[in-house]
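Q: Could you look at this predicted model? Sequence included:
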Amino acid sequence: MPSLNMVVMKRISLLPDHVANQIAAGEVVERPASVVKELVENAIDAGATRITVELDAGGRSLIRITDDGHGMNRDDALMSLERHATSKLKEASDLTSIRSMGFRGEALPSIASVSRFTLTTREQGSESSEATRIMVVGGKLTQVEAAAGPSGTSIEVRQLFYNLPARRKFLKTKETEKAHIQTYLRLAALAHPSIGFKLVQDQRVLWQLNPLSCDETLDSRMLALEERMRQLEKDSWQRLPVQFRDTIRTRIRGEDVDRYEEEPILIWGYVGAPGVGRSNRNDQCLFINGRPVENKALNFALREAYHTALMKGMHPVCCLFLEISPAFVDVNVHPAKKEVRFHNEQAVKQCVMRAIKRSLTHFAMAHRSNDPEFQPASEDTTPSSNPADPMHQSALREGPLGGSGNQIMDLPSFDPTPTLAQKNSISTANPPSMEWKAGTVHPAADSTPQSGMQAAQTASIDFSNTPQDHDRMRPILSRQLRLIGVVSRLYVLYESESGLVLIDQHAAHERVLFEQMLSRMEQGDVASQGLLVPETIELQPADAAFLTDSMACFQKLGVGIRAFGDQTFILESIPPFIKTGQARSFLLGVLDTLNRSGEVNKMRLGEEMIAKTVCRHAVKANDSLGKEELEKLLEDLKGCTMPYTCPHGRPTVIEMSLKELDRRFGRIVP
Ligand SMILES: Nc1ncnc2c1ncn2[C@@H]1O[C@H](COP(=O)(O)OP(=O)(O)OP(=O)(O)O)[C@@H](O)[C@H]1O
Ligand SMILES: [Mg+2]
């Protein structure tokens, strides 16, 4: 006889709406920051130009979001609280062209089911001067009334999770919840400089970011973004512009035959200069079609792009926007839409790497812009075929791309004068009525590990606390340097028009040697030394397969290796700069590193091998060098593709500006 339990379980019934909504809320609403995210996204979708976020107790007792968007009439307002009610999507196929932040019609009913919720809204341009106010308590509609109110929408969420004590217990302190909210708002503010954002906590204004005027052109968006970054930052990092277009080719699997589709991709924004990084990823802001996202493949692409330009353990900083047809990105893979999936992730990753490498190289080579040998690429459609050309080097270092020929755009100049002039041309749109005070920016007074740009910078190049100093935008090596002397037989001291410049002679020499060896290797000029006793190397199946695939590449680099059975290899010769006693560990080390990075190509393999050994050959820390040798070292460094970091990513050159000296001697008040 079946047990009572079994009988009960067999009866199926539909869950009441408010229970279904509470369950959906479990996924959509995790904490106050999720409420802020959903409501701010709705305001953005409604075309708001100003959004005010008010919080009490970090959003635990009150979140009020007010916008001046298109608002809703009474019927729509009532409808908006129904599950699966949305104005942004009509049928499933619309998902492939979705440009709005929302599309599921789930946020409002979910939030309303776990709070005391009040929606006040008035449709823009409607004849009626009345707004509609709707109150919902724990998912139950309690009141609908006419009210006074400006056009736009205001939503109040009180006592989040009051009816779910188990979830309320998981809320953290007021400060932590506020930090999560700020983290999201910072991303929203970066993605939408033309919207004004105001953040008020316990009646105190924390931020007031006025809307910035900005048109559709990329230059205008770059300027607005830079200005918005400055509005938000306490400290700034030295940033390089990125503007890059390419085409992504994606295979669409058909029932019988596959076909290929090509779509343009645009990557733009700012990345940190060589050597500028943080010990965490809080300053990696990535946006796909305006949506802030977390994506491991893109984090990886960023790190790879910096490669020798950043120290181990440091993460690049960026504010980078990817624009690609929505048909090539799946945004419906994460309950809070924090993640996306690309149809051709590999190609997107490669594009990001190329875009960033190009900006890093462009910056590093700026001091050679008068050099007739160096012509920065502009509107090129194919990479140069001259192996001595630095742009060619970076093109070679990249793996195969799923895309076709890329269109490289002209990057803004690093010359400070136009940058300043451009900066001045940014205007803040005149705020209309409301209580927005023009021109006042209040960055968050406090910072937590979560609050990104407000948090202390750990840039590996120090002396960076003069954010407004536009001279910092000009690469140090493009200035006139006058030798003063050498400190501790290691640091070479120079004077420039804007301060003191120090070069680490050992790190600089490492960089010079590294690039020389790399260029020899590119030209196929790598000798090989035979091992007296060839080494037999036994590998795990995955490593063996990897080595078999990249064998030709290893051989070109002077590593003589051949297969001896499925998983056994014989190592017969190695490049001359490797000690014979270390042949085996060297090969295993290189295999390990490259295997982990997931791809191999000739240059990347070579870089890894050379970086591992170049240190031993470089000038020792306390070798004393004569004036001529120092001059030669500086010239050689200037000739490098990436002169500002050694092959291990440590800085080769740092600067202490006159302003910094004045500050430290108390001549100017910081
Ligand atoms: N601030 C607002 N101004 C104007 N209309 C709004 C606003 N907030 C919500 N709406 C309307 O209410 C609808 C439901 O909002 P809701 O956030 O629940 O769903 P969505 O935005 O369509 O999708 P998602 O669940 O993915 O956010 C929206 O489609 C929109 O038409
Ligand atoms: Mg929404």
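A: Ah, there it is. Ligands and ions are numbered 1, 2, ... in the order given.
Q: At which residues are the helices of the stretch 401-550 of the chain located?
A: Assigned by DSSP state H, counting those that start in this stretch, the helices in the stretch 401-550 of the chain fall at 416-424, 505-522, 541-549.
Q: Compile those into a markdown table and extend it with columns for distance to Val486 and mean pLDDT.
A: Every C-beta, even on glycine, is put in place using the N, C-alpha and C of the backbone. Below are the helices of the stretch 401-550 of the chain laid out as a markdown table (distance: least, C-beta to C-beta, whole Å; pLDDT from 0 to 100):
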| stretch | distance to Val486 | mean pLDDT |
| --- | --- | --- |
| helix 416-424 | 29 | 33 |
| helix 505-522 | 7 | 84 |
| helix 541-549 | 45 | 85 |
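Q: For ligand 1, find the nearest of the ones you listed.
A: helix 416-424 (33.0 Å; C-beta to the nearest ligand atom).
Q: For the residue nearest to Thr548 when sequence neighbours are not counted, give me its contacts.
A: Spatial nearest neighbour of Thr548, excluding adjacent residues (C-beta to C-beta, 6 or more residues apart in numbering): Ala563 at 6.4 Å. By C-beta atoms under 8 Å, 6 or more residues apart in numbering, Ala563 lies in contact with Thr548, Met551, Phe569.
Q: who's Ala563 bridged to?
A: Ala563 has the following beta-bridge partners by DSSP bridges: Phe569.
Q: Would you mind listing the buried residues in stretch 87-104?
A: The neighbour-count check on stretch 87-104 (16 or more other C-beta atoms under 10 Å) flags Leu89, Ile98, Ser100, Met101, Gly102, Phe103, Arg104 as buried.
Q: And it, end to end?
A: Length of stretch 87-104, first residue to last, C-alpha to C-alpha, to the nearest Å: 10 Å.
Q: Could you check that stretch against ligand 2 for contacts?
A: Yes - if you take C-beta under 5 Å from the ion as the test, stretch 87-104 does meet ligand 2, through Gly102.
Q: quick one: that stretch near ligand 1?
A: Yes - using C-beta under 6 Å from any ligand atom, stretch 87-104 reaches ligand 1 at Ser87, Lys88, Gly102, Phe103, Arg104.
Q: Mean confidence (pLDDT) on that stretch, please.
A: Averaged across stretch 87-104, pLDDT comes to 84.
Q: hmm, who's touching that stretch?
A: 38, 41-42, 44-45, 76, 84, 86, 105, 289-291, 326-327, 331-332, 337.
Q: Can you classify the residue of the chain found nearest ligand 2 by secondary structure?
A: Using C-beta to the ion, the single residue of the chain nearest to ligand 2 is Gly102, 2.9 Å away. Look at Gly102: counting by DSSP: H, G, I helix; E, B strand; the rest coil, its state is coil.
Q: The one 3 residues further on now?
A: Judged by three-state DSSP, the three-state class of Gly105 is coil.
Q: Surely it touches Met79?
A: No - Gly105 is beyond contact range of Met79, at 9.4 Å (criterion: C-beta atoms under 8 Å).
Q: What about Glu263? Give its phi and psi, please.
A: phi -140, psi 140 (degrees, to the nearest 10).
Q: Tell me the spacing between it and Asp283.
A: 29 Å (C-beta to C-beta, to the nearest Å).
Q: Ile288 is in contact with Ala191, correct?
A: No - taking C-beta under 8 Å as the definition, Ala191 is not a contact partner of Ile288, at 10.3 Å.
Q: quick one, longest helix in the protein?
A: helix 345-364 (DSSP state H).
Q: Spit out the residues that contact Gly105 and Met79 alike.
A: With C-beta under 8 Å, 6+ apart, Gly105 and Met79 have common neighbours Ala85.
Q: okay, now the domains of the chain?
A: 17-171, 218-424, 475-670 (automatic domain parsing).
Q: export these to a markdown table and tack on distance to Gln208?
A: A markdown table is the format used below for those (distance: least, C-beta to C-beta, whole Å):
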| stretch | distance to Gln208 |
| --- | --- |
| domain 17-171 | 9 |
| domain 218-424 | 9 |
| domain 475-670 | 24 |
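Q: Lowest average confidence across those domains, which one?
A: domain 218-424 - the lowest mean pLDDT of the domains of the chain, at a mean of 75.
Q: Going by neighbour count, which residues in stretch 641-656 are buried?
A: Those would be 641-655, for stretch 641-656 by 16+ other C-beta under 10 Å.
Q: which of those come close to ligand 1?
A: Applying C-beta under 6 Å from any ligand atom to these, none is adjacent to ligand 1.
Q: and of those residues, the nearest to Pro16?
A: Of all the buried residues of stretch 641-656, Gly649 has the smallest distance to Pro16: 58.1 Å, by C-beta to C-beta.
Q: Next up, the contacts around the closest one.
A: Counting by C-beta under 8 Å, 6+ apart, Gly649 has contacts Gly275, Tyr306, His307, Thr308, Ala309, Leu310, Met311, Lys312, Met314, Ser460.
Q: Ile44 reaches Ser194, doesn't it?
A: No - assessed by C-beta under 8 Å, Ile44 is found out of contact with Ser194, at 10.5 Å.
Q: which of the two has more neighbours?
A: Neighbours of Ile44 and Ser194, each counted by other C-beta atoms under 10 Å, are more numerous for Ile44; the result is 20 against 15.
Q: Helix or strand: which one has the more buried one?
A: helix 32-45 (DSSP states H and E).
Q: Where does this protein get nearest to ligand 1, which residue?
A: For the chain, C-beta to the nearest ligand atom, closest residue to ligand 1: Gly102, 2.2 Å.
Q: Any figure for the gap between the closest residue to Thr153 other than its chain neighbours and Asp76?
A: Leaving aside its sequence neighbours, Thr153 sits nearest to Thr121 (C-beta to C-beta, 6+ apart; 4.2 Å). The gap separating Thr121 from Asp76 is 8 Å, by C-beta to C-beta.
Q: Between these two, point out the one with more neighbours.
A: Remark: of Thr121 and Asp76, Thr121 carries more neighbours, 26 against 14, as counted by other C-beta under 10 Å.
Q: Quick check: phi and psi at the more buried one.
A: Dihedral angles (degrees, to the nearest 10) for Thr121: phi -150, psi 150.
Q: just checking, what packs against the strand or helix carrying Trp268?
A: Assigned by DSSP H and E, Trp268 falls within strand 259-272. Contact analysis of strand 259-272 by 3 or more C-beta pairs under 8 Å, 6 or more residues apart in numbering; DSSP states H and E lists helix 218-232, strand 239-252, strand 318-324, helix 345-364 as its packing neighbours.
Q: how about 6 Å then?
A: For strand 259-272, the elements it packs on are strand 239-252, strand 318-324, helix 345-364, judged by 3 or more C-beta pairs under 6 Å, 6 or more residues apart in numbering; DSSP states H and E.
Q: Direction included, what does the next helix or strand after the shortest one pair up with?
A: Per DSSP H and E, strand 318-324 leads on to strand 329-330 as the next helix or strand towards the C-terminus. Looking at strand 329-330 with DSSP bridges, its partner strands are strand 341-342 (antiparallel).
Q: touching ligand 1 at all, the helix or strand just after the helix holding Ile44?
A: Stepping forward along the backbone from helix 32-45, the first helix or strand reached (DSSP H and E) is strand 50-56. No - in terms of C-beta under 6 Å from any ligand atom, no part of strand 50-56 sits within range of ligand 1; the closest distance is 9.0 Å.
Q: who does the helix or strand just after strand 50-56 pair up with?
A: Sequence-wise, the next helix or strand downstream of strand 50-56 (DSSP H and E) is strand 62-67. Each strand paired with strand 62-67, and its direction, by DSSP bridges: strand 50-56 (antiparallel), strand 152-158 (antiparallel).
Q: and the ones you listed as TSV, adding distance to Gln516?
A: Shown next, in TSV, are these (distance: least, C-beta to C-beta, whole Å):
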stretch	distance to Gln516
strand 50-56	54
strand 152-158	62
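Q: got the ones you listed as JSON lines, with mean neighbour count and distance to ligand 2 columns?
A: Shown next, in JSON lines, are the strands paired with strand 62-67 (neighbours: other C-beta atoms under 10 Å; distance: least, C-beta to the ion, whole Å):
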{"stretch": "strand 50-56", "mean neighbour count": "22", "distance to ligand 2": "14"}
{"stretch": "strand 152-158", "mean neighbour count": "22", "distance to ligand 2": "11"}
